[in-house]
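Engineer: Requesting a structural model of the entry that follows:
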Amino acid sequence: MQLQKRQKRRKSRAGTFAGAIQTYTIEAMMGDRKALQAGTSHNLGQNFSRAFGTQGVPLKLEVGPRDVANRSVVVSRRDVPGKPGKDLGISMEPSVLVSHVKSSLEDIQAPLLQRATSFRDRCLYSNIADVNSYEELKEVITEGKWARGPWSASDAEELKVNEETGATLRCYPFEQPQGFHDCAAKGMTAHAAVHVNGRL
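Structural biologist: Sure thing, here's the model as predicted:
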């Protein structure tokens, strides 16, 4: 079937993601006029941050009586606690304050991006281990890592792995390794490799 028409809209209250304030969606009309949800985005508001105790604001602007008199504010970075993270006497002049806030946000973002990139490029794959048996799989999961290995077990056996280890099968890679190996769950020849098996 061919894609005929896409509509960008918000979902109804009943169709909104549980816990979200609003859900936005792209609904595609297929050739037979049936709907296909092509993508969603959720406005979570503060519901999840409150539930998990996230304090997710990077900058705090502090304005006291003396600041008002001096037409200035104190800009505090949440990632640098105490006095080192405070910039005193920043002018309330919009062009100055906006420029300072943008610069501060960039300074906060840079190390976060660097850390995430470093994890992706170096640390991520050191936390994924290849396994060839169920015992190896359990050991890897116990260490807090992800396991990757051959898989041909049934849905019931997959559920058993989840119950015993807290792990869930994530996905099969498009590019499979060459040759066949025994399934990591039951020892029979597997015809595909599970990409990762990560703890929830």
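Engineer: Specify which residues of this protein, grouped into ranges, have pLDDT under the cut-off.
Structural biologist: The chain contains residues with pLDDT under 70 at 1-8, 55-56, 176-182, 184-200.
Engineer: center of the chain, which residue is that?
Structural biologist: Central residue of the chain (Cα atoms, centre = their mean): Ala116, 11.3 Å from the mean position.
Engineer: Counting by contacts, list what the helix or strand where that one lies packs against.
Structural biologist: Of the helices and strands defined by DSSP states H and E, Ala116 is found in helix 94-118. Contacts defined by 3 or more Cβ pairs under 8 Å, 6 or more residues apart in numbering; DSSP states H and E place helix 94-118 against strand 59-62, strand 72-77, strand 86-91. Placement of C-beta: from N, CA and C, glycine included.
Engineer: Mean neighbour count, these: which tops it?
Structural biologist: strand 72-77 (a mean of 19; mean count of other Cβ atoms under 10 Å).
Engineer: if we can go back for a sec, residues of the helix holding Ala116 that come out buried?
Structural biologist: Buried residues in helix 94-118, counted by 16 or more other Cβ atoms under 10 Å: Leu97, His100, Val101, Ser104, Ile108.
Engineer: For the residue of the chain positioned farthest from its centre, give me the backbone phi and psi.
Structural biologist: The outermost residue of the chain relative to its centre, with distances by Cα atoms, centre = their mean, is Ala69 at 43.6 Å. Torsion angles at Ala69 (phi, psi; degrees, to the nearest 10) stand at phi -60, psi -40.
Engineer: How about Gly31?
Structural biologist: phi -60, psi -30.
Engineer: can you count the residues close to it?
Structural biologist: Neighbourhood size, Gly31 [other Cβ atoms under 10 Å]: 9.
Engineer: Mind jotting down where the helices sit in this protein?
Structural biologist: 47-51, 65-70, 94-118, 124-126, 134-142, 155-165 (DSSP state H).
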